[in-house]
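K.L.:
Show me the folded form of this:
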Amino acid sequence: MALNVDALEDWTFPRLAQDYTVKDSLLYAVSLGFGQDPMDPAQLPFVYERDLKAVPTMAAILCHPGRWTADPKLGVTLNKVVHGEQRVFLHSSLAPAGELYARARVTAVEDKGEKGAVIHAARTMFDAKTHEPIASVLHSTFCRIDGGFGRSFGPTPEATPCPNRDPDLIVDVVTRPEQALLYRLNIDRNPLHADPAYAARAGFDRPILHGLCTYGLAVRALLPTVASNDPAAIRSVECRFSRPVFPGETVRFQIWNEGSRAHFRARVEGRDVTVLDAGRALLGRGHVNPDYALLAEETP
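P.N.:
Below you'll find the model as predicted:
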C-alpha cells in the first residue's frame, strides 16, 4: 500500500498543549536510569526535587501529537512502521515544570520506492505565558512498505556521519530488565514494549526498549563527558535509529568531542549491532542550530 501523499501534505494538526509537573520530570529521568547510583551527586539533580533539573531530551515527549498516522486516509501500514530519526533543539533551557503549547506540521515526505517512505513531522513548543519558543522536535517515521507513490515534497534533514577515526570517549550505559515497563509510563504504551506475545508477533524474542528511551540514554552519556553535567549546555540531540535495544543490555556510546559539537554512536557489543548512528549534539549555552531556524521562527 502506498502513502496518500496529498493527504499528508494537507494534514492539519490540532493545537497541542500540555502542562507538565515536577513528577513528570522525575519519572522521565528515573525511566532513563538516572539515579541508578544513589551516591552519584551528578545524577541527583535529575531525580530529586531539590534544585531539580530537566533532562533536555524530555522535550521529545512533550506536546506529543499521539498516533496521528493511524488515520486510515493516510495509507500508513502501522505494523510496518519504525522510528527512523529523532531531533530535538532547545531554544531555551527546559524547566522541570511548565505549561506549553505547540504548533505542528508535516514538513516533508520522501518516496523511496521499494524501500518504503519517510514522513517527517515537526513541532515547536512555546511557553504558554511568555509565548517564547522552548523546543523544536523533528520526528521521522520510516514506513517500510508504503513507498512507490511517485511524489515527494519538502526539505529533508541530512544525517551527519560520525568521524572516521577512533572515538575520543567510550561510555557504557547499563539498562535495567524492567526499563521498558518504566519508560512506557511517560507516554508510549505500545504493547511491543511490555507484552512478550505481542513482541513475538512483531518478530522479536521479547519486548524491546523504546527508541526514545535509547535516545535519552545518549544524554546520560553526554552530560558527564562533554557537557560538565550541565543540561543547559546541551542545545540539540539528533540521531538515526538502527536497531532496537532489549532491556537489560549494556549500550556502549562512542563519542567524538569537537568542542561546540559532539558526535556519537551507540552499540550493543553483545550482539555486535549499532543501535543509534549519526548522532550529533550541539554544545554550549547560547548557540543557535541553523537546522532549526525555520522551526524557531514559527509564530504562536
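K.L.:
so how far is Met125 from Val22?
P.N.:
Between Val22 and Met125 the computed distance is 18 Å (CB to CB, to the nearest Å). For the C-beta atoms, the positions are set from N, CA and C on the backbone; glycine is no exception.
K.L.:
ditto for Ala17
P.N.:
From Ala17 to Met125 the distance is 9 Å (CB to CB).
K.L.:
If you count surrounding residues, which of Val22 and Met125 has more?
P.N.:
Met125 (26 against 13; other CB atoms under 10 Å).
K.L.:
give the contact list for that one.
P.N.:
Under the criterion of CB atoms under 8 Å, 6 or more residues apart in numbering, the neighbours of Met125 are Ala59, Leu62, Cys63, Leu100, Tyr101, Ala102, Pro133, Ile134, Ala135, Ser136, Val137.
K.L.:
Could you look up the SS state of the closest residue to the fourth one other than its chain neighbours?
P.N.:
With CB to CB, 6 or more residues apart in numbering as the measure, Met125 is the residue that lies nearest to Leu100, at 4.6 Å, once sequence neighbours are left out. Recorded secondary structure, Met125: strand (DSSP: H, G, I helix; E, B strand; the rest coil).
K.L.:
Who does Met125 form a beta bridge with?
P.N.:
Ala102, Ala135 (DSSP bridges).
K.L.:
residue ranges of the strands in this structure, please?
P.N.:
16-20, 81-90, 98-111, 117-127, 133-143, 169-174, 234-241, 250-257, 261-268, 273-283 (DSSP state E).
K.L.:
Make a markdown table out of those and add mean pLDDT and distance to Asp205.
P.N.:
As requested, those are arranged in a markdown table below (pLDDT from 0 to 100; distance: least, CB to CB, whole Å):
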| stretch | mean pLDDT | distance to Asp205 |
| --- | --- | --- |
| strand 16-20 | 97 | 35 |
| strand 81-90 | 93 | 17 |
| strand 98-111 | 95 | 31 |
| strand 117-127 | 95 | 27 |
| strand 133-143 | 94 | 22 |
| strand 169-174 | 98 | 20 |
| strand 234-241 | 96 | 19 |
| strand 250-257 | 98 | 18 |
| strand 261-268 | 97 | 14 |
| strand 273-283 | 97 | 14 |
